[in-house]
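K.L.:
got a predicted model here, sequence first, then my questions.
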Amino acid sequence: MRKLLAVFLLLAPCSGLPAKDNHQQADQLKKASMVINEIMQTPDKGIPQDLLNKAVCVGVVPSELKAAFVLGGTYGRGVLVCRKHGNGPWGGPSLFTLGGGSIGFQIGAKATDVVFLVMNPNGVSKLLHNQVKLGADISVAAGPVGRTAAGETDAELHAEILSYSRSRGVFAGVALSGAVLKQDRDDNENLYGRAVQPEEILVKGTVDSPSPAARELDETLAKYSPHGGKPITES
């Protein structure tokens, strides 16, 4: 009986309950919150408020990598959070990797945060695929910086993704053409405690933020942009 109880206690953490933050994912989510906070607290040099309010999703790849890793063709792990149904409250995080042979040279080999806005439902639909190539499968442009996006060209403001980088405190738009974004299904399963589809997280909002660090990220985004986006019509 005691042996059976010991086996049960050993296996209990592997059940289908929502996963607690493991160290890597908790750190990833907390860093994403920190990046958003730091950028939005300097409005003259950050993401224009009107663009953030229009954005359907926000993606963050916190800096954490060595130059050799960047030059090797993979940049890092990121977090994508979307408004439920496109214009509702911020939903749970979906984890992804961002890489590509040229991305290290575009953003530099130094420690760099990458932030991007998904500006319309069509862009979200494309991100539901296992992987997308920015600039080919989905349009991307360097995002404007400052209090408003006034004066930017139609081409820039009609891109499906507006992207930015921050290195050594300098925040600027950067076009991530050629980079490849891949959904990290294994990390999402670990985070949510079960297999989840990207659509459940990013569009339908049928899964709640699974951990304290994930909820902190939602609260951070809600602090700077509680309402906005565009409704997504589900097929």
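P.N.:
Sure, I can see it.
K.L.:
alpha carbons only for contacts and neighbour counts from here, please
P.N.:
Noted.
K.L.:
shaky segments in the chain?
P.N.:
1-21, 64-75, 101-110, 149-157, 234-235 (pLDDT under 70).
K.L.:
and with 80 instead?
P.N.:
Where the chain drops to pLDDT under 80, the residues are 1-22, 43, 64-75, 100-111, 147-157, 168-169, 232-235.
K.L.:
mind listing the strands for it?
P.N.:
57-61, 74-83, 90-99, 113-118, 131-133, 140-142, 161-167, 170-173, 180-183 (DSSP state E).
K.L.:
make TSV from the ones you listed and add mean neighbour count and distance to Leu191 to it.
P.N.:
Output for the strands of the chain, formatted as TSV (neighbours: other Cα atoms under 10 Å; distance: least, Cα to Cα, whole Å):
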stretch	mean neighbour count	distance to Leu191
strand 57-61	25	17
strand 74-83	26	12
strand 90-99	26	9
strand 113-118	26	21
strand 131-133	19	20
strand 140-142	24	28
strand 161-167	24	26
strand 170-173	18	30
strand 180-183	21	13
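K.L.:
rebuild those as CSV, extending it with distance to Val203.
P.N.:
Converted to CSV, those look like this (distance: least, Cα to Cα, whole Å):
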stretch, distance to Val203
strand 57-61, 10
strand 74-83, 7
strand 90-99, 9
strand 113-118, 13
strand 131-133, 17
strand 140-142, 20
strand 161-167, 17
strand 170-173, 26
strand 180-183, 14
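K.L.:
closest to Gln41 out of these?
P.N.:
Distance to Gln41, taken as Cα to Cα, is lowest for strand 170-173 among the strands of the chain, at 12.2 Å.
K.L.:
the closest one pairs with which strands, and in what direction?
P.N.:
Strand pairing for strand 170-173, determined by DSSP bridges: strand 161-167 (antiparallel).
K.L.:
what is the orientation angle of the strand it pairs with with strand 57-61?
P.N.:
Strand 161-167 and strand 57-61 are oriented at 30 degrees to each other (axes from the mean of the first three to the mean of the last three Cα atoms, to 10 degrees).
K.L.:
who touches strand 161-167?
P.N.:
With Cα atoms under 8 Å, 6 or more residues apart in numbering as the test, strand 161-167 has contacts from 107, 110-119, 123, 138-143, 156, 171-176.
K.L.:
that strand to strand 113-118, inter-axis angle?
P.N.:
With the same axes, to 10 degrees defining the directions, strand 161-167 sits at 160 degrees from strand 113-118.
K.L.:
so how far is strand 161-167 off the chain centroid?
P.N.:
Centroid separation for strand 161-167 versus its chain: 12 Å, with Cα atoms, centre = their mean, to the nearest Å.
K.L.:
likewise stretch 228-235?
P.N.:
In terms of Cα atoms, centre = their mean, the centre of stretch 228-235 is found 18 Å from the chain centre.
K.L.:
just to revisit the earlier point, out of the strands of the chain, which comes closest to Gln24?
P.N.:
Closest of the strands of the chain to Gln24 is strand 74-83, at 10.2 Å (criterion: Cα to Cα).
K.L.:
that closest one pairs with which strands?
P.N.:
Strand pairing for strand 74-83, determined by DSSP bridges: strand 57-61 (antiparallel), strand 90-99 (antiparallel).
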